[in-house]
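Novice: Fold the following for me, if possible:
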Amino acid sequence: MDSIIPIPTLFSVQAVIFLDAGGERIYAKYYGKNFREKENRENFEKKLQGSASQENSGTMMIETYCVIYQIISDIFLYVVGNYNENQVCSVITDPFEQCVSDPSERS
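Specialist: Numbering: from 1, shown residues only. The predicted structure follows:
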């Protein structure tokens, strides 16, 4: 019987993007073919900033992508995957939160 859940591959993550609270890029790495043009990347980043809620983390759909986001202090981390890849992307956001969180809050 075929699995409904896709097996994660090297191509599961389409982009990893760090934006500041004002929406300016801190760092971004794009892997998907649709992001080859600078204009496409900039437009996508604007959509990200406008779509994230003020909750500390969440999942949203933008265009044909599933975006997992995490807000830590004034840094917005976005991990972009295909529409059916949200669990794969969430594996990346958890270690990042541990790296940048306050050491006194770590267990």
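
Novice: quick one, strands of the protein?
Specialist: Assigned strands in the chain, in chain order: 13-20, 25-30, 57-62, 65-72, 75-82 (criterion: DSSP state E).

Novice: just checking, what packs against the second one?
Specialist: In this structure, strand 25-30 packs against strand 13-20, helix 38-51, with contacts taken as 3 or more Cβ pairs under 8 Å, 6 or more residues apart in numbering; DSSP states H and E. Every C-beta, even on glycine, is put in place using the N, C-alpha and C of the backbone.

Novice: so which of the ones you listed is the most packed in?
Specialist: Each of these was scored by mean neighbour count; the highest is strand 13-20, a mean of 20, by mean count of other Cβ atoms under 10 Å.

Novice: Measure how that one sits relative to strand 75-82, angle-wise.
Specialist: Interaxial angle of strand 13-20 relative to strand 75-82 (axes from the mean of the first three to the mean of the last three Cα atoms, to 10 degrees): 160 degrees.
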